[in-house]
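Undergrad: here is my input, please return the structure:
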Amino acid sequence: MSAILALVPIRAGVLPSGGAEVVAEAQGRALLVGEGAREAAAALAGIATELRAWETPGFAPGNWAQRLAPVLIDEAVVLLPASPDGRDLAPRVAAALDRTLLAGAMEIRPDRVSTIRYGGRVLAEHLVTAQVVITLQPGVRGVIHPHGPVPEVEFITPAEPADTLADVEILELLPPDVSTMDLSEAPRILGGGAGLDSAERFDQLAQVAALLEASAGATRVITDRGWIGHTRQIGTTGVVVDPRLYIAFGVSGAVQHTAGLGQPDHIISINLDEHCPMMDLADLALVTDANETLQILQQRLLHPQDAQKASQADV
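TA: Okay, here's the model as predicted:
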C-alpha cells in the first residue's frame, strides 16, 4: 500500500472521534475540511507533518466530494475516521473517485485491510491492489500525543465542479443526545456487564447515565440476552469506543470488551471480584455489589436533597 492521506471533516474547530488516529496512521499527512482549521490543527500538534485545509462552512458531503475529487485523484489511499461525518463523506468520496470503499477498518497493513462485518461478528480480510477509500474505526489504533509545535496549515480552495449534484439540506443542527448518540462519539460511558442482575437494571443504568450526561453501554453477554440493543455493545465485536471516562458496573473485562475501550483518561470499576481484568485496568476499583451501588447512585442523583440531609444527620 502506497502513501496514505487522511481526510478529516471538522466542525467548529473540533476534530471528530478518531480524527487524530487517521492522521497518525497517514504518517502526519492530512487534509482538513470544514470550519475552524487552525483550531483543529492545534489538536494535531506533534502528529501532523503535512497539513492542508479547506475552510468551508456547514456540512455538504456531496459537494465536498465533487470538489475534492481532483485534489485526491493521485492519492493511493484516502483514509477517513468512521465518525458520523466521516461515514457520510467517505462513500461520496469513493463514488466521486470511482474507487472501492473499505468501511469499518480495524487494521491497515501494507497490502491488506481488516474490516468488521455483520455487526462486529466477522473480521474480513481485503487484499489491496488498487486505489481505495477507507474508514478507520475510532479507538482501534490509538495515538500518543507527543509534544510538538502546532503544524503550519496550507489553505486550499478546490474549484467548483462543472455540474453540481443535489446535496443534503441541513434544516437544524441539534446538540447530541447522550441517550441515543453513537457510542464511538461519547465522552463519558457507563457500561453494564453480567454483574447486573436484570433487564430492569439496564433501564436504571440508562437513567443514571443520562443524569450524569453520559451514554449507556453493555457487554456482549448482555446484548445477547436482549437486555439492551446491540448498538450499545462495547468491544471489538460491537462498537469500539474511546471515552474520557468509563464506569464499569459488574463488567469482568473479557479481552474483546477491553480491547474495544480505546484509551480512557479514567476508568472506574465496580465489581465483587477484585481480581477480574476490569478491576486491574481501573484507576479506581470498588469491591462491592454493582447492583446496590447503581441503586444508591440513582437515588442520590434523583433526590440530592435527601442525600444532603442524610449526610448532615451522620455528622
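Undergrad: please enumerate the strands of the stretch 201-315 of the chain.
TA: For the stretch 201-315 of the chain, applying DSSP state E, counting those that start in this stretch gives strands covering 215-218, 245-249, 266-271, 284-287.
Undergrad: out of the ones you listed, nearest to L102?
TA: strand 215-218 (25.8 Å; Cβ to Cβ). For glycine as for every other residue, the C-beta is placed from the backbone atoms N, C-alpha and C.
Undergrad: so for the closest one, mean pLDDT?
TA: For strand 215-218, the mean per-residue pLDDT is 96.
Undergrad: now the strands of the stretch 201-315 of the chain in CSV, with distance to H145?
TA: Shown next, in CSV, are the strands of the stretch 201-315 of the chain (distance: least, Cβ to Cβ, whole Å):
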stretch, distance to H145
strand 215-218, 24
strand 245-249, 18
strand 266-271, 17
strand 284-287, 23
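Undergrad: out of those, flag the one nearest T115.
TA: That would be, of the strands of the stretch 201-315 of the chain and by Cβ to Cβ, strand 215-218, which comes in at 21.7 Å.
Undergrad: related to what we said a few turns ago, among the strands of the stretch 201-315 of the chain, which is the most enclosed?
TA: Looking across these with neighbours counted as mean count of other Cβ atoms under 10 Å, the highest average goes to strand 215-218: a mean of 29.
Undergrad: circling back to that earlier point, so which of the strands of the stretch 201-315 of the chain is nearest P9?
TA: Of the strands of the stretch 201-315 of the chain, the one closest to P9 (Cβ to Cβ) turns out to be strand 215-218, at 21.6 Å.
Undergrad: so which elements touch that closest one?
TA: Strand 215-218 makes packing contacts with strand 188-192, helix 199-211 when contacts are defined by 3 or more Cβ pairs under 8 Å, 6 or more residues apart in numbering; DSSP states H and E.
Undergrad: and those as CSV, adding mean pLDDT, distance to V240 and mean neighbour count?
TA: CSV is the format used below for these (pLDDT from 0 to 100; distance: least, Cβ to Cβ, whole Å; neighbours: other Cβ atoms under 10 Å):
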stretch, mean pLDDT, distance to V240, mean neighbour count
strand 188-192, 96, 12, 26
helix 199-211, 95, 19, 18
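Undergrad: how about the ones you listed in CSV, adding distance to R92?
TA: Below are these laid out as CSV (distance: least, Cβ to Cβ, whole Å):
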stretch, distance to R92
strand 188-192, 30
helix 199-211, 33
